[in-house]
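Participant: Let me see the structure of the following:
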Amino acid sequence: MHSATTLAEPSRPTVADFHRVNRGGGLFSESISQWLGAVFALVGQRLGLRPTALTIANLLLGLAASVTVVALAGPVAAGDVPAWVVGLVALVGWQVAYALDCADGQLARVTKQNNPAGARVDVLCDVAAQIALVTALGATAVAQRPATPTWLIAVFAGTWMVNLVTSVMQAGPNAASMVTSTSLPVRLVKLVRDYGAVIFVAGLVLAFAPALTVWLIVAFTIVNGGFLLASIAFSARASLR
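Facilitator: Sure thing, here's the model as predicted:
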């Protein structure tokens, strides 16, 4: 005789389940990038992909968008290629790549595939993709304004990585935030360091006002450099308590 009792099949994760385990990133990232990442994570789970597959896809797409911007920076400045075409490639490519970067962690956490090797690959791919993005913005600035100081590009490239370094540090057991408030005004101010918002603005500038890229670089350098100094002061003060 067959038993009338049947085991219920385990429920399959939903987009909301993946988004629930996101690691934040700011108002823009949580409202848009992390939700798109949750969709990618769900698709990856349905296809049986490992989180690292999404990480590599993020890297390849981000590199492709940045290389396109670098290759066409000269023709855009000369008026041979419409800026909006290149800007659209950058805007979409960088945003989808970032969503994939959000997705790999969500997929790992929901499917219990977290491991140190995967985390290292994720960080290394982030570094590579952001180096390419910084190169793209620097190439555009120089193509549009050949007199752009070399030192400005160098400082911009160095301070750009402050976001990535502090994000990695925030994942550790000794993480601390300088501003703990989650009020809407504070979150709006923090958009200047929200990676999703930053690359969205960068894509818009490349598409509609590439000549302003050098001023975008100046703004990012001031914001990231200021945050680095503030972080040093905050951490130093905490260490002396």
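Participant: Roughly how far does Ile131 sit from Val142?
Facilitator: As judged by CB to CB, to the nearest Å, Ile131 and Val142 stand 16 Å apart. C-beta coordinates here come from the backbone N, C-alpha and C atoms, glycine included.
Participant: more neighbours, the two?
Facilitator: When Ile131 and Val142 are compared for neighbours, Val142 comes out ahead with 20 against 16, by other CB atoms under 10 Å.
Participant: so that one touches Phe156, yeah?
Facilitator: No - under the criterion of CB atoms under 8 Å, Val142 makes no contact with Phe156, lying 11.4 Å away.
Participant: Which secondary structure state is assigned to Lys112?
Facilitator: In three-state terms, and counting by DSSP: H, G, I helix; E, B strand; the rest coil, Lys112 is coil.
Participant: State the distance from it to Arg50.
Facilitator: Relative to Arg50, and taking CB to CB, Lys112 is found at 12 Å.
Participant: Starting from the helix or strand hosting Ala119, tell me the next helix or strand along the chain.
Facilitator: Assigned by DSSP states H and E, Ala119 belongs to helix 116-144. Using DSSP H and E, the helix or strand that follows helix 116-144 in sequence is helix 150-160.
Participant: Buried residues of that following helix, list them for me.
Facilitator: Within helix 150-160, the residues that count as buried by 16 or more other CB atoms under 10 Å are 152-153, 155-157, 159-160.
Participant: so it versus helix 116-144, what angle?
Facilitator: Interaxial angle, helix 150-160 versus helix 116-144 (axes from the mean of the first three to the mean of the last three CA atoms, to 10 degrees): 150 degrees.
Participant: Before I go, just wanted to say thanks for your time.
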